[in-house]
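Engineer: Need a 3D model of the sequence below.
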Amino acid sequence: MLLTASHKTPVGTLQLIANEHVLLAAGFGPLRELSARLDKSDYDLGFKSVKEIPIISDLIKDYFDGDFSALNGIKVRQPGPEFSQAVWKAMRKIPAGKTMSYAELADRAGSPAAVRAAGSACARNLIAPIIPCHRVVKTGGELGNYAYGLHFKEELLRFEGALH
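Structural biologist: Model prediction:
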């Protein structure tokens, strides 16, 4: 049985889906949209709504209380091809308050020419903002896109001190 929880945050309501202590999905959209994107084997486990998910909820609260390193303590898993996995791993290394271009992200993921593929991996990221795709911007500093809308990307970057 997967656990689901909703958390009010300074930037909006964050939905979470976890299998025990591993976060499978997180985002600012409707829970049904997040759950529909899960791997079928996870989805088939079923869902149980809880007030808080052990460990994960505490770390999310710590992050929104200003401990930006707290998200690093959350174990994550999501389906995706090898390059997407490399992109998501590289994204988790972008420190709060900093941004990285899609081109630099592709390079850090091991394929400098795969800028579009890096952008696609950002778009398919199922675990935002824990895997911080909001910290990835266009070369030159324009924000680019964000699955939940630019408002959320701007708010998260402002919250972390990357935008003023």
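Engineer: Look up the closest residue to the residue located most distally from the centre of the chain, ignoring the ones flanking it.
Structural biologist: When distances are taken from the C-alpha mean of the chain, residue 113 lies farthest, 23.5 Å away, according to C-alpha atoms, centre = their mean. Of all residues not flanking residue 113 in the chain, residue 106 sits nearest, at 7.2 Å (C-beta to C-beta, 6 or more residues apart in numbering). Where C-beta positions appear, they are placed from N, C-alpha and C, glycine not excepted.
Engineer: list the helices and strands the one helix or strand the one you found maps to packs on?
Structural biologist: Assigned by DSSP states H and E, residue 106 falls within helix 102-108. Where contact means 3 or more C-beta pairs under 8 Å, 6 or more residues apart in numbering; DSSP states H and E, helix 102-108 is packed against helix 82-91, helix 115-124, strand 136-137.
Engineer: still on that earlier bit, could you grab the helix/strand/coil label for the residue farthest from the centre of the chain?
Structural biologist: Three-state assignment for residue 113 (DSSP: H, G, I helix; E, B strand; the rest coil): coil.
Engineer: Give me the buried positions along the helix or strand hosting residue 32.
Structural biologist: For residue 32, the element it lies in under DSSP H and E is helix 31-36. By 16 or more other C-beta atoms under 10 Å, the buried positions in helix 31-36 come out as 31, 34, 35.
Engineer: Verify the stated contact: residue 3 with residue 21.
Structural biologist: No. Here residue 3 does not reach residue 21: they are 9.8 Å apart, not a contact under C-beta atoms under 8 Å.
Engineer: more crowded one of the two?
Structural biologist: residue 3 (21 against 12; other C-beta atoms under 10 Å).
Engineer: which stretch of helix or strand covers that one?
Structural biologist: Element membership for residue 3, per DSSP H and E: strand 2-9.
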